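Asker: Show me how the following folds:
(chains A and B)
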Amino acid sequence: MYTQALDMQGSDSSPMGEAALEQRFLARVDAEEKIEPKDWMPARYRNTLIRQISQHAHSEIVGMLPEGNWITRAPTLQRKAILIAKVQDEGGHGAYLYSAAETLGVSRDQLIDQLLSGKAKYSSIFNYPTPTWADVGAIGWLVDGAAIMNQIPLCRCSYGPYARAMVRVCREESFHQRQGYDLMVHLAQGTPEQKRMAQEALNRWWWPALMMFGPSDANSTHSGESQRWKIKRFSNDELRQKFVDFTVPQARFLDLSIPDPLLRWDEAKQQHEFGPIDWTEFDQVLKGNGPCNAERLAARRNAHAAGAWVRDAASAYAEKQRLRSATPAAA
Amino acid sequence: MNTPLQDSRQWPLYEVFVRARGGLDHKHVGSLHAADARMAIEHARDLYTRRQEGVSIWVVPSKDISASDPAEGESLFEPARDKIYRHPTFYEIPDEVKTL
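Answerer: Numbering: from 1, shown residues only, chains lettered A, B, ... in the order given. Sure thing, here's the model as predicted:
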């Protein structure tokens, strides 16, 4: 193995200009090397990552709300335990991702502040309501399924801390998707009323799930550079297509129908063709006019404000302990 | 950026190391904020060992970690590059000679 290393001649360590540094950075990215926090990186790369990772973290945190809505009303103790574990995972994912964002030089307080002030974006999917228990199943199956599709390529993203966080997230996300599908199987094979509930939940979540992959490639503003930097490996439309092709047979097994009259199998292309996405709805939800935008933000603000005394008490206790342990040492 | 929503004191950052099984080294798994070391261990338990990923946890205040500078990477690690005689595979041993 070391002989291979011998072949690699290091470049000179003389002070370099911005252009030379950028060239070296791109060469490392091309060689599939990971960029680490203390390495030189272009400011645009840093800012893109801060934006993307923090939006991702916010999405995990806000994503706890639609399902958290059902914890107290889960139909069995086991379903309740599963749902609590899943929601706890989402909180954990937010924490991994905030930590990854912080390695780029932004503070946790700044990030939380951006979320609570409404300045930061998060995935628009979480601005939809969960009126029935079947929505919990549909979220796991479709929303987490779409998230996995987006996130698996991120495990190979060029920024080390983000890639490592995503490995952990993806491992746990698989549980989320499977428990959701399992829930749908039980409903779809249950009473006609339960099956109708499952169908209605699929109807509600199908199109928003397709929108999770972002604007179509023709209208995606951030794609070019992100692909060059190996932050993004596949285009929005490629991933969306893959999601449709994976999900249609899963719906067929449930004997539920996908709410798209134009959906059909294209034999020549060996993939599904599907109807147009209503991007006006996407834009509206993104702008804050979705069914639950205000409710979600209010819930986060309340939680933050209501938890202030706990944080203050913990800080005061830590300070008291620090002073106490300092005293005998000084004496 | 100071708004009423923001806490004035951010809890310090801790790096978390987890021993996956007895007999293995503690390995860096990530970081978290906590008011003190005890809380850092409790949070690390919740954050990094929800699925039996560990049997022991170390937490270290991130500010106490000294790290090598990537810009000095070459001066630190270059000297080892041409010392291939430090590896056993540098030496060709005649085929007849066994157990060496």
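Asker: And the strands in chain B?
Answerer: Along chain B, the stretches classed as strands by DSSP state E are B:13-19, B:26-33, B:56-61.
Asker: Which residues of chain B lie near chain A?
Answerer: Residues of chain B lying near chain A by C-beta under 8 Å from any C-beta of the partner chain: B:1, B:3, B:5-7, B:9-11, B:13, B:30-33, B:35-36, B:39, B:46-47, B:50-51, B:67, B:69-71, B:74-75, B:78, B:81-82, B:84, B:87, B:89. In this view, the C-beta of every residue, glycine as well, is placed from N, C-alpha and C.
Asker: List buried residues within the residues you listed.
Answerer: B:Leu5, B:Gln6, B:Trp11, B:Leu13, B:Gly30, B:Ser31, B:Leu32, B:His33, B:Ala35, B:Asp36, B:Met39, B:Leu47 (16 or more other C-beta atoms under 10 Å in any protein chain shown).
Asker: picking up where we left off before, format the strands of chain B as JSON lines; extra columns: mean pLDDT.
Answerer: Formatted as JSON lines, those follow (pLDDT from 0 to 100):
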{"stretch": "strand B:13-19", "mean pLDDT": "97"}
{"stretch": "strand B:26-33", "mean pLDDT": "96"}
{"stretch": "strand B:56-61", "mean pLDDT": "98"}
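Asker: Cross the residues of chain B next to chain A against helices and list the overlap.
Answerer: Cross-referencing the residues of chain B next to chain A against helices under DSSP state H gives B:Met39, B:Asp46, B:Leu47, B:Glu74, B:Ser75.
Asker: Flag the shaky bits of chain A, pLDDT-wise.
Answerer: Within chain A, the ranges that satisfy pLDDT under 70 run A:1-15, A:221-222, A:328-331.
Asker: so where do the strands sit in it?
Answerer: Under the criterion DSSP E, chain A carries strands at the ranges A:264-266, A:271-273.
Asker: Check which helices and strands the last one sits against.
Answerer: The reference is to strand A:271-273. Packing partners of strand A:271-273 (3 or more C-beta pairs under 8 Å, 6 or more residues apart in numbering or on different chains; DSSP states H and E): helix A:236-254, strand A:264-266.
Asker: Now find how far off-centre that strand is within its chain.
Answerer: 25 Å (C-alpha atoms, centre = their mean, to the nearest Å).
Asker: Any stretches of chain B with poor pLDDT?
Answerer: Chain B contains residues with pLDDT under 70 at B:1-9.
Asker: tell me the centre residue of it?
Answerer: Compute the mean C-alpha point of chain B, and by C-alpha atoms, centre = their mean the closest residue is B:His28, 3.5 Å away.
Asker: Now for the residue nearest to that residue when sequence neighbours are not counted, how many residues are close by?
Answerer: Leaving aside its sequence neighbours, B:His28 sits nearest to B:Phe17 (C-beta to C-beta, 6 or more residues apart in numbering or on different chains; 5.4 Å). Per other C-beta atoms under 10 Å in any protein chain shown, the neighbour tally for B:Phe17 reads 19.
Asker: check contacts around B:Phe17.
Answerer: B:Phe17 is in contact with B:His26, B:Lys27, B:His28, B:Val29, B:Ile57, B:Trp58, B:Val59, B:Val60, counting by C-beta atoms under 8 Å, 6 or more residues apart in numbering or on different chains.
Asker: same question, A:Cys155
Answerer: With C-beta under 8 Å, 6+ apart, A:Cys155 has these contacts: A:Ala163, A:Met166, A:Val167, A:Cys170.
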